[in-house]
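Novice: From the sequence below, what's the structure:
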Amino acid sequence: MIILPFVSSSCYVFDAWYHYIYHPPSRNYEGLLSTIVIVFIYLQYCAPIRSRYALGIYHILLWIIIEIANLGYLIFYIQQRDTFRIIIYFSFLILHSYLTVGLLYCRVLNDFKSNIIVENKHLFHFISRLEVILTIYIPIYLKIEYTSLTRNTIAYFLLFDFFSDSYHRFQGVWIKSALYLFVTTVTVAVATEWFYFTNNDHTYETISLVAEVISAFLCNTIIILQFFPFHFKTQHLQHILREALISMKDQHNNKTQEQDDSSTKMSMINEANLYRY
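Specialist: Below is the predicted model:
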C-alpha cells in the first residue's frame with residue numbers, strides 16, 4: 001500500500017512527459033499505463049505509516065511527483081494554445097494540491113484515523129474489476145484515430161464502488177451528498193467518454209473531461225471527509241449507545257425491584273400490627 005502510489009504516480013509522469021516530448025501522431029499507447037494504475041494514487045490516504053514526520057514526507061513526495069506529471073500535460077497544451085485543456089490540467093494541478101493539503105491536515109497535523117480502510121481483499125477486488133474494464137478500453141487505446149491520454153474515469157468508477165460499501169455507516173448530509181454527486185458525475189464521465197469513442201464527436205469528449213474534473217473534486221472531498229468520525233455511525237458510538245441503554249434498563253429494573261421490596265416490607269409491617277392488636 002505504501003509503494004503502489006509511487007508506482008502509479010511514476011507511470012503518470014512517464015506518460016505525461018512521453019506525450020510532451022514525442023506526441024506522435026499515432027497514439028496507440030499514450031496514457032494507457034497510467035490510466036490502469038492511477039487508482040492507487042488516491043489510496044495514499046490510508047498508507048500504514050505511523051510516524052507523522054515520515055507520513056508528511058510521504059505525502060509531499062507523492063504530491064511533487066503527481067504535479068510534475070500535471071505540469072507535463074499543462075506545458076504541452078500551453079504551447080499548443082489549447083485553452084480548454086489548459087483549464088482542465090490546471091484544475092487537476094489545483095485539485096491534487098487540495099488533496100495533499102487535506103491529507104497533511106488530517107493525518108499529519110491532527111493524527112486522524114481513516115474510517116474507510118483499504119484491506120488486501122479490496123486490492124484484489126480492484127484488480128479483478130480492472131480486468132473486466134480493460135477488455136473494453138484496450139481496443140480503444142489501440143485505435144490511432146483517437147487521442148488517448150491519461151484518464152481518471154476508471155479509477156473513479158472503482159473508487160465509488162469501493163466508497164459505496166461504507167454507505168450504511170455514513171451519517172449527515174455532507175458525505176452522503178458528496179457520494180451521490182460523485183456517482184452521478186462519474187457515470188456522466190464514463191458514458192460520454194464511451195459516446196466519444198463510438199461517434200468521434202468532440203462534444204462528448206468535452207463533457208467527459210468537465211465531468212472528470214468535478215469527479216476529482218468530489219473524490220478528494222470524500223477522502224478528506226472520511227477522516228472526521230462524526231460523518232460515520234462508528235462501532236464505538238454504537239457500543240456507547242448500547243451500554244447506555246443497558247445501564248438505563250438496569251437502573252429501571254433496580255428501581256422497580258426496590259419499589260417491590262418496599263411494598264413487601266410495608267405489607268409485612270401492616271400484618272404484624274394487625275396481629276399485635
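
Novice: Leaving out the residues flanking it, which one is nearest to residue 195?
Specialist: Excluding the flanking residues, the one nearest residue 195 by C-beta to C-beta, 6 or more residues apart in numbering is residue 204, at 4.2 Å. For the C-beta atoms, the positions are set from N, CA and C on the backbone; glycine is no exception.

Novice: contacting residues around the one you found?
Specialist: 192-193, 195-196 (C-beta atoms under 8 Å, 6 or more residues apart in numbering).

Novice: is it possible to export these to CSV including pLDDT and neighbour count?
Specialist: Shown next, in CSV, are these (pLDDT from 0 to 100; neighbours: other C-beta atoms under 10 Å):
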residue, pLDDT, neighbour count
192, 91, 22
193, 86, 22
195, 87, 16
196, 86, 21
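
Novice: what element comes up after the helix or strand where residue 66 lies heading to the C-terminus?
Specialist: Using DSSP states H and E, residue 66 falls within helix 52-80. Heading C-terminal from helix 52-80, the first helix or strand you meet, by DSSP H and E, is helix 83-103.

Novice: ok so, going back, how close does the residue nearest to residue 195 get to residue 149?
Specialist: Using C-beta to C-beta, to the nearest Å, we find residue 204 at a distance of 15 Å from residue 149.

Novice: where does this protein have low pLDDT?
Specialist: By pLDDT under 70, the low-scoring segments of the chain are 24-29, 132, 136, 139-148, 234-245, 247, 249-277.

Novice: returning to what we had before: look up how far residue 223 lies from the residue nearest to residue 195.
Specialist: For residue 204, the distance to residue 223 - C-beta to C-beta - is 28 Å.

Novice: for residue 151, same thing?
Specialist: 19 Å.

Novice: just residue 130 next, same as before
Specialist: On the measure of C-beta to C-beta, residue 130 and residue 223 end up 20 Å apart.

Novice: Mind checking which of those two has more residues around it?
Specialist: residue 223 (23 against 17; other C-beta atoms under 10 Å).

Novice: Would you mind listing the residues in contact with the more buried one?
Specialist: 42, 45, 99, 102-103.
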